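K.L.:
Could you look at this predicted model? Sequence included:
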Amino acid sequence: MAGLAYPLFSSTIGDIPLAAQNTAFPTFFPTGTTNPKSTALTTVGAGTITAAAIVAGVTLRSGSTSAFTDTTDTAANIIAAAIGVPIGASWTYYYVNNTVALATLAAGSGVTLTGAVPVPPNTSATFIVTYTGAGAVSIVLVDMSYFPHSGTFQANTTGGTGNAVTVANAAVTATSIIDITLKTVGGTVSPNGPYINTITPGTGFTVVNTAGDTSTYSYTIVG
């Protein structure tokens, strides 16, 4: 989760401090807000987001290479895992999709999931989890951010055939946006610039440029 993230959207909730008692806002308790702990979810295909992971604060998702659905644990299990937490208490939960595939989140029994749009690859989704009542938990999406990946390549020197260059980067997905900018001039810079020729999710992409351009280019992968 470390590093720069590009926000997709933000709520107006902001950072709500811990409260000593219930107010107009839900009480927040420390487990998921001041000392989150990560839990790995590596299932290939559909998985279960355990109550322990939701209470600990972070799920790090990996494993899948095609679109999948993860379902939350039941409200009863989440409440049981949140030992000593009163009705009305809330905490922050992060779901980090480190796969190259689209993740759809679904609610387990007793859980109300709001605003849980599919979570794109290389993206972190932030939720507010609230113990709303007996046997009931709400999970509300409040923010989503991309984790960009970047690197460099030199035109017309490695991989591919002809003027194509193969760029290896496992973070690329079928829906990635790849921005390319000139870093260091070499040879004769193409007036049209290099362009993406093919994308292989989870492997990398190929770039085509004109002959004679041996410049070094920087790239950033978003999504």
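P.N.:
Yes, it's here. Numbering: from 1, shown residues only.

K.L.:
in stretch 60-78, what counts as buried?
P.N.:
Neighbour-count burial for stretch 60-78, with 16 or more other Cβ atoms under 10 Å as criterion, is recorded at 60-61, 64, 68, 70-78. No exception for glycine: its C-beta is placed from N, CA and C like everyone else's.

K.L.:
Give me the subset of those residues that lies in helices.
P.N.:
Mapping the buried residues of stretch 60-78 onto helices (DSSP state H) picks out A75, A76, N77, I78.

K.L.:
per-residue pLDDT, the residue nearest to S38 when sequence neighbours are not counted?
P.N.:
Of all residues beyond its chain neighbours, the one nearest S38 is V58 (4.1 Å), with distances taken as Cβ to Cβ, 6 or more residues apart in numbering. Note for V58: predicted pLDDT of 93.

K.L.:
ok, back up a step: and the least confident of the buried residues of stretch 60-78?
P.N.:
Within the buried residues of stretch 60-78, pLDDT is lowest for S64, at 90.

K.L.:
now that residue: how far from V44?
P.N.:
Distance of S64 to V44, computed by Cβ to Cβ, to the nearest Å: 6 Å.

K.L.:
same question, P120
P.N.:
For P120, the distance to V44 - Cβ to Cβ - is 19 Å.

K.L.:
before we move on, what about T166?
P.N.:
T166 is 26 Å from V44, by Cβ to Cβ.

K.L.:
picking that back up, which one of P120 and V44 is surrounded by more residues?
P.N.:
P120 (20 against 12; other Cβ atoms under 10 Å).

K.L.:
Once you drop chain neighbours, what's closest to the more buried one?
P.N.:
G223 (5.4 Å).

K.L.:
which residue ranges form the helices in the chain?
P.N.:
Under DSSP H, the chain gives helices at 51-56, 75-81.

K.L.:
Would you mind giving the domain segments of this protein?
P.N.:
Following automatic domain parsing, the chain resolves into domains at 6-146, 149-222.

K.L.:
shouldn't G88 be in contact with A136?
P.N.:
No - if you go by Cβ atoms under 8 Å, G88 and A136 don't touch, sitting 11.4 Å apart.

K.L.:
returning to what we had before: and the buried residues of stretch 60-78, which two are furthest apart?
P.N.:
Distance extremes for these: the farthest pair is S64 and A76 at 27.0 Å, using Cβ to Cβ.

K.L.:
now what about stretch 70-83, what contacts it?
P.N.:
29, 31, 41, 46-52, 54-55, 61, 85, 89, 91, 95, 103-111, 113, 129, 131, 135-137, 139 (Cβ atoms under 8 Å, 6 or more residues apart in numbering).

K.L.:
Closest to the centroid, which residue in the chain?
P.N.:
T123 (1.7 Å; Cα atoms, centre = their mean).
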